[in-house]
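1. Fold the stuff below for me.
(2 chains)
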Amino acid sequence: DTAVSQTPKYLVTQMGNDKSIKCEQNLGHDTMYWYKQDSKKFLKIMFSYNNKELIINETVPNRFSPKSPDKAHLNLHINSLELGDSAVYFCASSHVSNEQFFGPGTRLTVL
Amino acid sequence: GQSLEQPSEVTAVEGAIVQINCTYQTSGFYGLSWYQQHDGGAPTFLSYNALDGLEETGRFSSFLSRSDSYGYLLLQELQMKDSASYFCAVRGWMDSSYKLIFGSGTRLLVRP
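-> Numbers count the residues shown, from 1 in each chain, chains lettered A, B, ... in the order given. Predicted structure coming up:
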């Protein structure tokens, strides 16, 4: 049983396109996150939602828009993709505790 | 602002002990976490220290000194499967929310 799942696992697309990544968790957690990991493996928080409410919104271009239809889902939509958006995007979830559970990641390549 | 420093790479021999250090600067500090990430995989939680001292979980231990803004991850009886990247991460109250800020990671290579 997958705890945190993401789709797709790989995404290859052209510059200027719009794409979405979906995330679902079946752990009953209240908080979900999106992280970006660049080619140097630096892992940076982008957004966090708690019970469908946005609580963290780091300095991320407004081409990135998260959406949480319910507390088990947090999707990421990216408009007008740029070369620099190429990275691995991880979804994660947590309860009140300090342990975050990460999804398998979505490797985005923008050509 | 927040910053974390950890070595970029460490090499050790199978069966040995290795220590990965992490120093941090942050406001609103709550605790220090460690995550392991294999190539192509997702980060997985290893440990969390909120108080000073050593926490042991099997072959892995983690230490924190809040007064020194310093912690380390100790891996004993190294196995080949321990080759991975290890991230320290500060949990803190920043900008009106709890956040986990990751270090840049230490790549551990275990040799036979």
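2. And the pLDDT for the closest residue to residue A:32 other than its chain neighbours?
-> Excluding the flanking residues, the one nearest residue A:32 by C-beta to C-beta, 6 or more residues apart in numbering or on different chains is residue A:74, at 4.0 Å. In short, each C-beta sits where N, CA and C put it, glycine included. pLDDT, residue A:74: 95.
3. For residue A:74, what is the enclosing helix or strand?
-> Here residue A:74 sits within strand A:73-78, counting by DSSP states H and E.
4. quick one: contacts for the residue nearest to residue A:32?
-> Applying C-beta atoms under 8 Å, 6 or more residues apart in numbering or on different chains to residue A:74 gives the contacts A:23, A:32-34, A:47, A:49, A:66-68, A:91.
5. Please repeat the previous calculation with a cut-off of 7 Å.
-> The neighbours of residue A:74, taking C-beta atoms under 7 Å, 6 or more residues apart in numbering or on different chains as the test, are A:23, A:32, A:34, A:49, A:66, A:68, A:91.
6. Now the second one, what are its backbone angles?
-> With angles defined as degrees, to the nearest 10, residue A:32 shows backbone torsions of phi -130, psi 150.
7. Would you agree it is in contact with residue A:95?
-> No. With contact defined as C-beta atoms under 7 Å, residue A:32 does not count as touching residue A:95 (11.0 Å).
8. Pick out whichever of these two has more residues nearby.
-> When residue A:32 is set against residue A:95 and neighbours are counted by other C-beta atoms under 10 Å in any protein chain shown, the residue ahead is residue A:32, at 29 against 13.
9. Run a quick neighbour tally on the nearest residue to residue B:26 once chain neighbours are set aside.
-> Spatially, and ignoring its direct neighbours in sequence, residue B:26 is nearest to residue B:2 (4.1 Å; C-beta to C-beta, 6+ apart). By the criterion of other C-beta under 10 Å, residue B:2 has 14 neighbours.
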